[in-house]
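Q: Give the three-dimensional model of this entry:
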Amino acid sequence: MIEAQLERLSAEEQRVLELASIAGASFSRPSSTRWRMSMRRRSKTCARSVSPAPDREMGGTHRFPDGTISERYEFVHALYRQVLYDRLAPRRTARLHRRIGERLEALHPQPMDEVVPELAYHFEAAADWPRAVEYLQLEADIARRRFADPQADSLLQRALELVSNLPEAQRAPKELELLAKLAPNRAAVVDVRGAHSIPHAVRKRSSVAPTYG
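A: Numbering: from 1, shown residues only. A predicted model of the protein is given here:
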């Protein structure tokens, strides 16, 4: 049914929606370099696929660091995005992820916390391994600052997996850097788990009546 709806759109409209599917379930116009047509001029079929994103705090808009304010949109159902995404050839998918990642980098010279996971996602999907590893490290640092040590541990592990894709000259130094970050983070995770287990142990011991003689 969704495929039939999409086929009624013009080639340009399909390309724009395909790019929107790469951008994410929710997105802003500046992150999409081909988003040139006004949503109000789209066909009814297109309007059923994408709608202004409900955002009480931002009023359906997003403000970029340079002061640019853009309307935010989202797919009305995840299936629309999935169908559009699956229609793309792998090389085109990787190329569009890279384009969006670079666009986000240009819009955020100093990446804000909420943008870093998006950058890590796009550059990994683009097979841009150096930048994917860099942003996964930044995402892990953010998680650690928020005391989410298990999440930081997982992100560093993922970055370590991607290091194998780096050129040989970069691989060893980056592995050592990640392992140096992972070791203290692992210790923090173990400490947190141990702290959670102490009350349980104390309760079990106190429930046993002491014996005398």
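
Q: Mind checking the pLDDT average for whichever strand or helix holds residue 150?
A: Using DSSP states H and E, residue 150 falls within helix 149-162. Averaged across helix 149-162, pLDDT comes to 95.

Q: Look at residue 137 and report its pLDDT.
A: Note on residue 137: pLDDT of 96.

Q: Would you quantify the distance from residue 81 to residue 27?
A: Residue 81 is 10 Å from residue 27, where distance means CB to CB, to the nearest Å. For the C-beta atoms, the positions are set from N, CA and C on the backbone; glycine is no exception.

Q: wait, residue 123 sits on residue 101?
A: Yes: using CB atoms under 8 Å, residue 123 is in contact with residue 101, at 4.9 Å.

Q: Between those two, which contacts overlap?
A: residue 131 (CB atoms under 8 Å, 6 or more residues apart in numbering).

Q: give me the number of residues near residue 95?
A: As a burial measure, residue 95 scores 14 neighbours (other CB atoms under 10 Å).

Q: Please name the nearest non-neighbouring residue to it.
A: residue 126 (7.4 Å; CB to CB, 6 or more residues apart in numbering).

Q: can you tell me which residues contact the one you found?
A: 94-95, 97-98, 101, 132.

Q: thinking again about what came up before, return every residue with contacts to both of residue 81 and residue 27.
A: Shared contacts of residue 81 and residue 27, defined by CB under 8 Å, 6+ apart, comprise residue 20.

Q: Quick check: the gap between residue 161 and residue 131.
A: For residue 161 relative to residue 131 (CB to CB), the value is 15 Å.

Q: er, residue 6 I mean
A: The value you get for residue 6 to residue 131, if CB to CB is used, is 31 Å.

Q: Residue 25 now?
A: 22 Å.

Q: Between the two, tell me which one has more neighbours.
A: Shown here are residue 25 and residue 131; by other CB under 10 Å, residue 131 has more neighbours (18 against 15).

Q: hang on, that one packs against residue 123?
A: Yes: using CB under 8 Å, residue 131 is in contact with residue 123, at 4.1 Å.

Q: so what's in contact with the two at the same time?
A: With CB under 8 Å, 6+ apart as the test, residue 131 and residue 123 both reach residue 101.

Q: Low-confidence stretches in this structure?
A: 28-71, 185-213 (pLDDT under 70).

Q: how does it look with 50?
A: Where the chain drops to pLDDT under 50, the residues are 30-47, 52, 54-59, 196-213.

Q: domain ranges for it?
A: With domains defined by automatic domain parsing, the chain comprises 1-87, 111-213.

Q: which stretches of this structure form helices?
A: Assigned by DSSP state H, the chain shows helices spanning 2-7, 11-23, 44-49, 78-86, 90-107, 116-125, 129-145, 149-162, 168-206.

Q: Could you list every helix and strand in contact with the first one?
A: Spelled out, that is helix 2-7. Counting by 3 or more CB pairs under 8 Å, 6 or more residues apart in numbering; DSSP states H and E, the packing neighbours recorded for helix 2-7 are helix 44-49, helix 78-86.

Q: One more pass at 10 Å, please.
A: The contact analysis (3 or more CB pairs under 10 Å, 6 or more residues apart in numbering; DSSP states H and E) places helix 2-7 against helix 11-23, helix 44-49, helix 78-86.
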